[in-house]
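Asks: The sequence isn't on hand, but the structure is:
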Ligand SMILES: Nc1ncnc2c1ncn2[C@@H]1O[C@H](COP(=O)(O)OP(=O)(O)OP(=O)(O)O)[C@@H](O)[C@H]1O
């Protein structure tokens with residue numbers, strides 16, 4: 001299978017802190033990669049480097065053959081939904097998408113057709129004519145998601161995409177994520193909601209202190225670490241990222 005995301009010793013330091021440490025990833029096209037790790041372990045830093053927003057200290061990476069340091073070449077291939085997506089407060093959802101789509105030369109008719117289908121699926125019809133400043137967190141998240149995939153990118157980076165969504169919308173979004181991958185789009189998904197990853201990810205990578213400490217299918221990770229037959233990805237995650245300093249002192253001989 002063709003790897004569409006590759007990184008080679010990708011590293012980011014902030015002064016004394018090494019946020020991402022010689023990260024090597026090879027992610028095949030058309031798969032969902034669940035990127036997990038405790039808070040402050042380098043996930044956002046990695047995503048910002050892979051989307052060309054942050055320069056690496058060292059190492060390399062490419063997306064669909066475009067180097068992450070070549071932003072013009074990279075841009076058409078990627079969509080990024082950050083944890084706090086920027087939206088224009090005074091516009092409606094349509095206007096927001098028209099503006100973003102316009103920057104990418106997407107015809108207005110296509111933007112409207114696409115938005116109509118996705119807004120129906122995500123239950124955002126009622127909010128279409130409202131200004132974004134009047135939106136709830138979940139409504140904002142829905143518009144931001146549509147904005148992320150509007151130009152049909154090869155790789156979509158999603159940071160906590162179900163944040164703020166009600167259970168029905170979150171379920172629809174999980175199905176959409178799977179649908180994207182089934183249609184050949186690659187999804188790089190970071191979330192702390194492990195059942196979401198368990199449901200949609202083909203492969204899971206666990207980042208810990210900037211290092212990739214484990215990688216495999218959700219079932220493999222669970223099996224590798226499981227103490228009992230009904231273990232979940234959450235059990236595996238907790239075991240692989242266990243840094244209880246008190247426990248470390250007590251067990252140190
Ligand atoms: N601009 C910055 N300047 C200095 N240190 C930073 C900066 N951004 C991030 N860091 C540090 O880099 C490390 C990784 O942060 P990052 O935001 O990538 O983690 P994360 O895994 O995305 O966390 P979370 O799950 O909480 O979103 C942390 O130690 C953080 O304090």
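Replies: Looks like it came in fine. Note that the structure is a prediction, hence the values are computed from the model and not measured.

Asks: Quick check: residue 137 vs the ligand, distance?
Replies: 17 Å (CB to the nearest ligand atom, to the nearest Å). (Glycine included, C-beta is placed from N, CA and C.)

Asks: Verify the contact between that residue and residue 166 for me.
Replies: No - the pair residue 137 / residue 166 is not scored as a contact, 10.6 Å apart, by CB atoms under 8 Å.

Asks: which SS state does residue 26 fall under?
Replies: Under DSSP: H, G, I helix; E, B strand; the rest coil, residue 26 falls in the strand class.

Asks: same question, residue 174
Replies: With three-state DSSP as the criterion, residue 174 reads helix.

Asks: Tell me the buried residues in the host helix or strand of residue 196?
Replies: Counting by DSSP states H and E, the element that carries residue 196 is helix 194-200. Neighbour-count burial for helix 194-200, counted by 16 or more other CB atoms under 10 Å, picks out 194, 196-200.

Asks: Among those residues, which one sits closest to residue 143?
Replies: Closest to residue 143 out of these is residue 196 (20.1 Å), distances taken as CB to CB.

Asks: Pretty sure the closest one sits against residue 171.
Replies: No - contact criterion CB under 8 Å: residue 196 and residue 171 do not qualify, at 10.0 Å.

Asks: List the buried residues for stretch 4-17?
Replies: So, applying 16+ other CB under 10 Å, buried residues of stretch 4-17: 4-5, 7, 10-12.

Asks: Of these, which is the nearest to the ligand?
Replies: The nearest member of the buried residues of stretch 4-17 to the ligand, counting by CB to the nearest ligand atom, is residue 12 at 7.7 Å.

Asks: could you list every residue that touches the closest one?
Replies: Remark: with contacts taken as CB atoms under 8 Å, 6 or more residues apart in numbering, residue 12 is in contact with 18-20, 42, 45-46, 49, 54, 56-57, 210.

Asks: which of the residues you listed are buried?
Replies: 18-20, 42, 45-46, 49, 54, 56, 210.

Asks: Please give the centre-to-centre distance between the helix or strand harbouring residue 72 and its chain.
Replies: Taking DSSP H and E as the criterion, residue 72 maps to helix 71-74. How far helix 71-74 lies from its chain's middle: 19 Å, per CA atoms, centre = their mean, to the nearest Å.

Asks: Show me what that helix is packed against.
Replies: In terms of contacts (3 or more CB pairs under 8 Å, 6 or more residues apart in numbering; DSSP states H and E), helix 71-74 is packed against strand 66-67.

Asks: how many other residues sit next to residue 209?
Replies: Using other CB atoms under 10 Å, residue 209 is surrounded by 16 other residues.

Asks: Leaving out chain neighbours, which residue sits closest to it?
Replies: residue 41 (6.1 Å; CB to CB, 6 or more residues apart in numbering).

Asks: Which of the buried residues of stretch 4-17 fall in helices?
Replies: When the buried residues of stretch 4-17 are checked against helices using DSSP state H, none is located there.

Asks: Having no further points to raise, I will conclude here.
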